[in-house]
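Engineer: sharing a model prediction with you, sequence too.
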Amino acid sequence: MSEYARHEMTMVAAHGSGAEEWRCPECGHRFVMTWPPNYRKVILEQGDPYAIHSGGKGGMRIGTTEIIETEDRILSNELRAALDELDIDGLFNSAD
């Protein structure tokens, strides 16, 4: 049995660019993503870094099967406020 909490992600918005915004109602973990073939994921709020997050839509389920330790990047309140003002559709429609 895992010592980590398990949280369920909920899709809260679908943007015109095809990007989806997901949020964990338990810890506030929040990200925006696009699906393959142009996969991108931008973390907006870290939430509980030790929780195992899963979620799904349309019969598809996504879950974490392995825990990987990474170096945490803590955002300043100023940077977090700037991220909240991002043009998400513009971010995900940009050509790389």
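Structural biologist: On my side now, so go ahead.
Engineer: lowest confidence element among the helices and strands of the chain?
Structural biologist: strand 60-62 (a mean of 58; mean pLDDT, DSSP states H and E).
Engineer: buried residues in the helix or strand following it?
Structural biologist: Downstream of strand 60-62, the first helix or strand assigned by DSSP states H and E is helix 77-84. Within helix 77-84, the residues that count as buried by 16 or more other CB atoms under 10 Å are residue 83. For glycine as for every other residue, the C-beta is placed from the backbone atoms N, C-alpha and C.
Engineer: now for helix 77-84, which elements pack on it?
Structural biologist: Counting contacts by 3 or more CB pairs under 8 Å, 6 or more residues apart in numbering; DSSP states H and E, helix 77-84 packs against strand 40-45.
Engineer: contacts for the strand it packs on?
Structural biologist: 19, 21, 23, 28-34, 80, 83-84, 91-92 (CB atoms under 8 Å, 6 or more residues apart in numbering).
Engineer: next SSE downstream of that strand?
Structural biologist: Criterion used, DSSP H and E; the element after strand 40-45 is strand 52-57.
Engineer: off-centre distance for that next one?
Structural biologist: On the basis of CA atoms, centre = their mean, to the nearest Å, strand 52-57 sits 10 Å off its chain's mean C-alpha point.
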